[in-house]
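Chemist: sequence first, predicted model second:
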Number of protein chains: 6
Amino acid sequence: MRALYIGRFQPFHNGHLEVVKNILSEHEELIIAIGSAQESHTPKNPFTAGERFEMIRATIAQEPYDLSKIYMVPVEDVKRNAIWVAHVRSVVPKFDIVYTNEPLTRFLFEEEGYKVQETRLFSRSEFSSTNIRKMILEGKSWDNLVSIPTKRIILKIGGIDRIKRINSNDIK
Amino acid sequence: MRALYIGRFQPFHNGHLEVVKNILSEHEELIIAIGSAQESHTPKNPFTAGERFEMIRATIAQEPYDLSKIYMVPVEDVKRNAIWVAHVRSVVPKFDIVYTNEPLTRFLFEEEGYKVQETRLFSRSEFSSTNIRKMILEGKSWDNLVSIPTKRIILKIGGIDRIKRINSNDIK
Amino acid sequence: MRALYIGRFQPFHNGHLEVVKNILSEHEELIIAIGSAQESHTPKNPFTAGERFEMIRATIAQEPYDLSKIYMVPVEDVKRNAIWVAHVRSVVPKFDIVYTNEPLTRFLFEEEGYKVQETRLFSRSEFSSTNIRKMILEGKSWDNLVSIPTKRIILKIGGIDRIKRINSNDIK
Amino acid sequence: MRALYIGRFQPFHNGHLEVVKNILSEHEELIIAIGSAQESHTPKNPFTAGERFEMIRATIAQEPYDLSKIYMVPVEDVKRNAIWVAHVRSVVPKFDIVYTNEPLTRFLFEEEGYKVQETRLFSRSEFSSTNIRKMILEGKSWDNLVSIPTKRIILKIGGIDRIKRINSNDIK
Amino acid sequence: MRALYIGRFQPFHNGHLEVVKNILSEHEELIIAIGSAQESHTPKNPFTAGERFEMIRATIAQEPYDLSKIYMVPVEDVKRNAIWVAHVRSVVPKFDIVYTNEPLTRFLFEEEGYKVQETRLFSRSEFSSTNIRKMILEGKSWDNLVSIPTKRIILKIGGIDRIKRINSNDIK
Amino acid sequence: MRALYIGRFQPFHNGHLEVVKNILSEHEELIIAIGSAQESHTPKNPFTAGERFEMIRATIAQEPYDLSKIYMVPVEDVKRNAIWVAHVRSVVPKFDIVYTNEPLTRFLFEEEGYKVQETRLFSRSEFSSTNIRKMILEGKSWDNLVSIPTKRIILKIGGIDRIKRINSNDIK
């Protein structure tokens, strides 16, 4: 069985990693779809798809998994909910089950007849990308919420400065 | 050093595999960008990005490579050459050198200051996706030009029938 | 004279039906343009254009009108106000007068020299799609605000569940 | 049972009308999807969706059919074959069977599990929109190939002049 | 040296003119990029790119500048921050330095290695397009904040009425 | 009176310059719309809008014209003929008459009620951008067909090499 796990991963954090571990304990293969791949440099989507790809890869490479069983695929938005599932299906390898915590994603896949599972993210308020972006913005300590490789990538690309600067933007 | 190898891979064949081998003999990591990811079911682009992803993965999985060093990334077209390199750069992990046989791709990356290498595809007339699609269409023997897993995927998804039917289309 | 009546009809309700009746008491033919046709599964636009088409058709089929005088046409957005009127004009049959309650629509058609009439929606606060979606969401009684066929379609497609689920979505 | 008949209808001719008659002899309701709705003023697509809508409506209004059983819906292209069926499905009412003579359309709907019928267009070389556009361009007699209302519409909108002028265009 | 000054200029006001003067006191040539060129008839973007072009031109024509050194270029959005700089670069003449007060614009150009200067808009709260649109909407005196030619253009195109009407829009 | 002159100017040549001169002998002001602004690096559209802007500007700056009367505006395609005129009108300043040699452009503006004049390009076969691109490609002498500034810009941006390389492209 191959599972599909969809998220935006802005950034990829330890809660996401737990989901990956849970899925891999039940399924042989996993596709991680990096959603809203065309977005970057906005308060909600600070990182490019390429940067998010590297965070996920570097984090998982530290774990005892066979990387040949884990596929990462950037997926751009189509902005039309009625065709979104068909779009996802066309750019990723075949899959048997969907994991997501996002209600709309869940609903759209269920309407198309897919089996969808919640991801059982524990203590969501803490392990949430929204929360982490907010902590970075406010200068609070956030690095214990992500893997060391993710932290290193965020620092290397100037991610802290980026988040602060794109949030000072009041126009666009 | 991480290399970027861009192609449409319609389908992925043994010539492509040789390029992959050559690049991996010189560079530690390789990103395979699956171009025109949004295209499928046309004479020039019969297979979806997801199907091409599976062909590449299954082919490389047979070789003695560490799959954690090889990244496959579907890349949609932007239809504006002047921004195409920026687009590619935003959806794939960072890379140091580009491999391609396509003159326009080569030119656009060189204009942006990238080092670009030709892929040394030997006997191009035979090992070409265009040629393979033509052979499938004409009912000639083509399966010695692709890997066994690629052949199996093409057969499983009804690829031969698909190529014949989309080529009988004279309107759209 | 042929009138154009533009709305999103999310869903089509008895206030809309009154407008249709009023227009048909003054004009021989009527085009009902179903706006934002590409939108669906969002809090503001829960239903697809096809679903809205069926609601309108089934509702009007109950009334003593000659359906050959009433045209329903889904119209996608173009997201550029300056060309929106030209876009509408290109996808619907010719028309002589425009009916709408939406200030921007009214303004854009007037700028292009069209005669525009307000629709005299009585007791707007009650007969409003926004209000009906809110009542469905809150579990209040809404079915006396739409026709019996519209109610039946909403129930058949799982519209109540859909509205609740897409409103629980906090991310996309 | 409700049938879907897809075409571009550039213009709608007597062969199309025969197909409509055949379908209505077997099915209760019919959706006529006017494809490539966004196209106009090109050699292959001279007429706007609105103009084509009027041709079809005026032609069928002459026949002894209940127009409340026949739905006409303009459908814009999405330019991605893998999501095209989902797109069509979202903008038209529900349907049970598809009629088309276009091989790609047939194939895409079959891949999604729909039953598809050929339209049995007799003497295709004569009753073809391509042929009619060519005859108009060359000043040959074409009006016996379309209904009188379609002819009248083509004349009223200056269709003959339009076809000649857009074909003299060698650049765009 | 040629400078690039990017803004939306909704409308062009005396603060913008001061920036233009400051830049021209330091650089030989100036490109004024009219951003979000595709937007119009919205509360944030009431004027078309063509109207804004005329405001800027007419205002500068009154000043003692050589208009052959000042280029005005409408620039449409691409809605993808990662490729936005490449997009701007492809539609305007070459430039050496960027002027903007918008933090995101500044950041994106800096990431691409451009030198970016703030525009030193004095008393921003007064000389701001947002403020001027608000004053027009509320019927307050605004005409001392723009040049006489800009005022004349706004009046001629019915700009006051337009701003009031598009702000009464509660739906789209 | 303000005239609009539309072309792609790939590249701007002496025939175009003659047209500009003719128009300015009859009209006070001139807008030069640089069409297909989003295109570049293709055999038919080798130069970016910014490069074409510079060619036109540098050429006209040599002539005894008041540059404040001549506006250059890049215009992107919308790919929908029925709304193209509305699109052009929204991004350029107001105009009274249109000059073009392109039959479709002429037709679309006439359908919208504009007065359109042919440009009286003499000896078209020689003074044509298509011809010049072909001569550059074949290594023939072309520089007497363009102004000295245009030639200098083409050389500076590596235009000869670019045209040769993008024409060796057989795939994209």
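Modeler: Arrived safely, thanks for sending. The structure displayed is predicted, hence computed values, not measured ones.

Chemist: my read is A:Pro149 is in a helix, agree?
Modeler: Yes. A:Pro149 forms part of a helix when assessed by DSSP: H, G, I helix; E, B strand; the rest coil.

Chemist: which SS state does the residue of chain A found nearest chain E fall under?
Modeler: Residue of chain A nearest chain E, by Cβ to the nearest Cβ: A:His41 (3.6 Å). Every residue, glycine included, has its C-beta placed from N, CA and C. Recorded secondary structure, A:His41: coil (three-state DSSP).

Chemist: give the contact list for it.
Modeler: A:48, A:162, A:166, E:81-82, E:104, E:107-108 (Cβ atoms under 8 Å, 6 or more residues apart in numbering or on different chains).

Chemist: the residue in chain A that chain F sits nearest to: helix or strand, and which one exactly?
Modeler: Per Cβ to the nearest Cβ, A:Gln38 is where chain A lies closest to chain F, at 16.9 Å. Assigning secondary structure by DSSP states H and E places A:Gln38 outside every helix and strand.

Chemist: so it touches A:Thr48, yeah?
Modeler: No. Taking contacts as Cβ atoms under 8 Å, A:Gln38 lies outside contact range of A:Thr48: 9.2 Å.

Chemist: between those two, which contacts overlap?
Modeler: With Cβ under 8 Å, 6+ apart as the test, A:Gln38 and A:Thr48 both reach B:90-91, E:82.

Chemist: so which of those sit within helices?
Modeler: B:90-91, E:82 (DSSP state H).

Chemist: tell me the buried residues within those residues.
Modeler: B:90-91, E:82 (16 or more other Cβ atoms under 10 Å in any protein chain shown).

Chemist: so which residues of chain A form helices?
Modeler: Ranges of helices within chain A are A:14-26, A:49-61, A:81-91, A:103-111, A:129-137, A:148-156, A:159-167, based on DSSP H.

Chemist: which strands and helices lie in contact with the third one?
Modeler: Put plainly, it is helix A:81-91. helix A:103-111, helix B:49-61, helix D:81-91 (3 or more Cβ pairs under 8 Å, 6 or more residues apart in numbering or on different chains; DSSP states H and E).

Chemist: distance to A:Ala58 and mean pLDDT for these - can I get that in TSV?
Modeler: TSV is the format used below for the helices and strands packed on helix A:81-91 (distance: least, Cβ to Cβ, whole Å; pLDDT from 0 to 100):
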stretch	distance to A:Ala58	mean pLDDT
helix A:103-111	25	94
helix B:49-61	20	96
helix D:81-91	31	96
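
Chemist: quick one on the thing from earlier: reformat the helices of chain A as TSV; add distance to C:Val146.
Modeler: Output for the helices of chain A, formatted as TSV (distance: least, Cβ to Cβ, whole Å):
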stretch	distance to C:Val146
helix A:14-26	41
helix A:49-61	43
helix A:81-91	22
helix A:103-111	22
helix A:129-137	37
helix A:148-156	50
helix A:159-167	43
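
Chemist: could you find the closest non-adjacent residue to A:Arg89?
Modeler: Once flanking residues are discounted, A:Arg89 sits nearest to B:Gly50: 7.0 Å by Cβ to Cβ, 6 or more residues apart in numbering or on different chains.

Chemist: number of residues surrounding the one you found?
Modeler: By other Cβ atoms under 10 Å in any protein chain shown, 25 other residues sit near B:Gly50.

Chemist: next: A:Ser141.
Modeler: 8.

Chemist: same check, this time on A:Arg165
Modeler: Neighbourhood size, A:Arg165 [other Cβ under 10 Å]: 19.

Chemist: surely it and E:Leu108 touch.
Modeler: No. In this structure, A:Arg165 is not within contact of E:Leu108 by Cβ under 8 Å, at 9.7 Å.

Chemist: what's near enough to touch A:Ile31?
Modeler: Shown in contact with A:Ile31 (Cβ under 8 Å, 6+ apart): A:2-5, A:70-73, A:92-93, A:95.

Chemist: is it in a bridge, and if so with what?
Modeler: Going by DSSP bridges, A:Ile31 is paired in beta bridges with A:Leu4, A:Tyr71.

Chemist: per-residue pLDDT of it, please?
Modeler: A:Ile31 is assigned a predicted lDDT (pLDDT) of 98.

Chemist: over to A:Asp170?
Modeler: For A:Asp170, pLDDT reads 50.

Chemist: please apply the same query to A:Ser123.
Modeler: Looking at A:Ser123, its pLDDT is 57.

Chemist: A:Glu39 now?
Modeler: Looking at A:Glu39, its pLDDT stands at 96.

Chemist: likewise A:Lys79?
Modeler: 89.

Chemist: just give me the neighbour total for it.
Modeler: Neighbours of A:Lys79 (other Cβ under 10 Å): 12.
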